[in-house]
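Asker: fold the stuff below for me.
(one chain, ligands or ions: 1)
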Amino acid sequence: MMPDWILSPARLAGVGGLLVAYAALCARVAWTVRRQRLDVLRDNDAPAAAGDSPAVLVAYASQTGQAESLAHEATRMLRESDLRVTLLPVDAVTANTLGAHPRSLWLVSTTGEGDAPDHALGFVQNVLTERVDLTGHEALVLALGDREYRHYCAFGERLQQWLTAQGAKSEWICVDNMSCSALRLWQSGVSALRQELLCDAQESRPGPPVEEEWLLPPEATIFRLARRTLLNAGSQGGALYQLDFVVNDSDLPHWQSGDLASLCLPADPEHARDYSIASIPADGELQLLVRQSTRADGSPGVASNWLCTGMNVGDSVALTIRQHSSFRLGDNANRPLILIGNGSGLAGLLSHMRARIAGGQGEQWLLFGERYPAHDAILGEQLRQWMQRGRLARLDLAWSRGSGERTYVQDVLLQQADVLKTWVERGAAIYVCGSRQGMGQGVHHVLTQILGDEGLRVLSQSGRYRRDVY
Ligand SMILES: Cc1cc2nc3c(=O)[nH]c(=O)nc-3n(C[C@H](O)[C@H](O)[C@H](O)COP(=O)(O)O)c2cc1C
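Answerer: Below you'll find the predicted structure:
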């Protein structure tokens with residue numbers, strides 16, 4: 001098994017010292033919340049300030065936004081020391097970019113089955129297949145992953161191997177499920193780089209002091225469970241609940257459609273669980289759709305069971321909003337939308353429908369799949385009303401069980417291939433949310449059949465094909 005983190009012995013010695021200092025800081029205080037919110041910082045991506053040192057490249061590949069957030073944090077910390085930083089998603093990194101930067105930090109996650117995030121596809125095809133002379137280049141890779149997947153941190157590993165093969169001096173840190181200990185190591189590694197750069201570039205020019213703890217702590221909000229509604233009474237599948245959370249004394253935190261709510265159980269603070277938010281702030285509450293899950297060995301899923309049956313209406317829970325940039329509307333806000341999903345994946349699609357309806361946009365087509373029409377027509381009345389009122393342009397429901405033929409959303413998609421092509425020609429964007437196996441893979445396959453490999457790749461690279469599949 002691969003350890004939580006991997007570093008060369010030389011760097012380990014340096015990092016070890018820093019860790020001691022870090023531990024002292026940890027003992028003094030846990031996270032210090034006194035900085036601006038991350039979304040404010042995101043706007044602060046202007047080119048770096050002063051300094052004639054060569055810029056550091058900070059590149060990220062992120063599916064659900066964690067690597068991206070960490071990249072923004074590292075950038076902010078370096079810029080606060082007056083260092084020059086180029087912050088880019090990996091799809092904007094070319095051989096020339098690399099040549100222009102003697103040092104780089106990479107923050108990359110692994111998704112699918114050992115794959116790179118969707119937006120990194122072009123980088124994988126165009127850069128990782130090339131030979132680029134990186135002799136003398138120094139890199140540090142933060143590989144986000146989850147040990148429960150077979151190909152643990154596979155994309156980070158691939159990147160690390162490529163950098164090393166090009167002659168770069170590269171080290172990497174693997175992070176299992178955002179493990180705090182591995183992230184502290186990363187923080188120490190970046191702090192060490194900052195010190196090196198300050199020594200190189202400034203010599204006598206003192207930079208502003210920077211705190212050792214610079215990773216922004218996640219800002220949680222205390223929500224109260226106002227209502228819990230079973231959406232699929234009588235279903236043979238796992239119970240699916242709608243949970244409506246409100247805040248008591250403060251304002252609702254801000255989020256956009258497509259974002260996630262992250263929950264840490266008191267019994268397992270190291271591992272956060274993410275849920276798609278089904279509502280928008282204008283609804284006045286944060287709504288989740290949660291399936292009561294059972295593990296392969298028959299034991300109940302800890303977090304889902306606590307949410308579905310353990311906590312009582314009126315109980316409080318700390319939730320952190322996670323910006324999910326790769327699944328937000330972004331530039332697609334005014335495009336026709338094709339929304340495809342199944343089961344609890346309706347949550348991620350609902351928030352987009354609600355955001356668009358609130359903005360007076362009705363050009364959206366929902367394709368949704370479940371098991372039995374009699375018991376699994378989740379929020380069916382709401383969807384029918386939207387259709388009647390012109391808030392949805394099309395609604396296709398696919399039932400995989402019941403009296404008729406087994407039908408999945410990908411089957412409906414194939415039957416509607418001509419309609420799909422027309423929508424895409426008119427500029428539509430495609431959003432897929434729900435289970436990866438079966439639905440996500442099946443839909444991807446059918447989209448490739450209809451639009452071609454190249455057609456789908458172009459859509460993906462331009463942000464018009466976005467997935468939140470799990
Ligand atoms: C659908 C899905 C597939 C994943 N596949 C893998 C995988 O194959 N290997 C791995 O190490 N981690 C995998 N992960 C875990 C992610 O890499 C991990 O959650 C990471 O912190 C996400 O970072 P991001 O938000 O920047 O994308 C997967 C996560 C999801 C949701």
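Asker: so what pairs up with whichever residue of the chain sits closest to the ligand in the strands?
Answerer: Nearest residue of the chain to the ligand: G145, at 2.4 Å (C-beta to the nearest ligand atom). Every C-beta, even on glycine, is put in place using the N, C-alpha and C of the backbone. Going by DSSP bridges, G145 is paired in beta bridges with D176.
Asker: before we move on, what about L240?
Answerer: Here L240 sits in beta bridges with R291, as judged by DSSP bridges.
Asker: now swap in F223 and tell me
Answerer: Beta-bridge pairing for F223 (DSSP bridges): V317.
Asker: I'd say it and T320 touch.
Answerer: No: in this structure, F223 is not within contact of T320 by C-beta atoms under 8 Å, at 10.5 Å.
Asker: who has more neighbours out of the two?
Answerer: Between F223 and T320, counted using other C-beta atoms under 10 Å, F223 has the larger neighbour count: 24 against 17.
Asker: so who does that one touch?
Answerer: Applying C-beta atoms under 8 Å, 6 or more residues apart in numbering, we find F223 in contact with 245-247, 286, 316-319.
Asker: ok, and of those, which contact the ligand?
Answerer: Filtering the contacts of F223 for proximity to the ligand by C-beta under 6 Å from any ligand atom leaves nothing.
Asker: most neighbours, which of those?
Answerer: When neighbours are taken as other C-beta under 10 Å, the top entry among those is L286 (26 neighbours).
Asker: quick check: closest non-adjacent residue to it.
Answerer: F245 (4.5 Å; C-beta to C-beta, 6 or more residues apart in numbering).
Asker: give me the contacts around the helix or strand L397 falls within.
Answerer: Using DSSP states H and E, L397 maps to strand 394-399. Contact with strand 394-399 is made by 365-373, 376-377, 383-384, 386-387, 406-409, 411-412, 416, 419, as judged by C-beta under 8 Å, 6+ apart.
Asker: what is the mean pLDDT for that strand?
Answerer: Strand 394-399 carries an average pLDDT of 97.
Asker: and if you look at stretch 245-256?
Answerer: Averaging pLDDT along stretch 245-256 gives 90.
Asker: right, and T229 touches Q242 too?
Answerer: Yes: between T229 and Q242 a contact is recorded at 4.6 Å, counting by C-beta under 8 Å.
Asker: confidence score at L107?
Answerer: Value listed for L107 in the pLDDT field: 98.
Asker: partners of the helix or strand harbouring it in the sheet?
Answerer: Assessed by DSSP H and E, L107 sits inside strand 103-109. The strands beside strand 103-109 in its sheet (DSSP bridges) come out as strand 56-61 (parallel), strand 138-145 (parallel).
Asker: which residues are in contact with the longest one?
Answerer: Counting contacts by C-beta under 8 Å, 6+ apart, the residues outside strand 138-145 that touch it are 62, 66-67, 70, 102-110, 152-157, 159-160, 163, 168-178, 186, 189-190, 193.
Asker: that's all I had, so thanks and see you.
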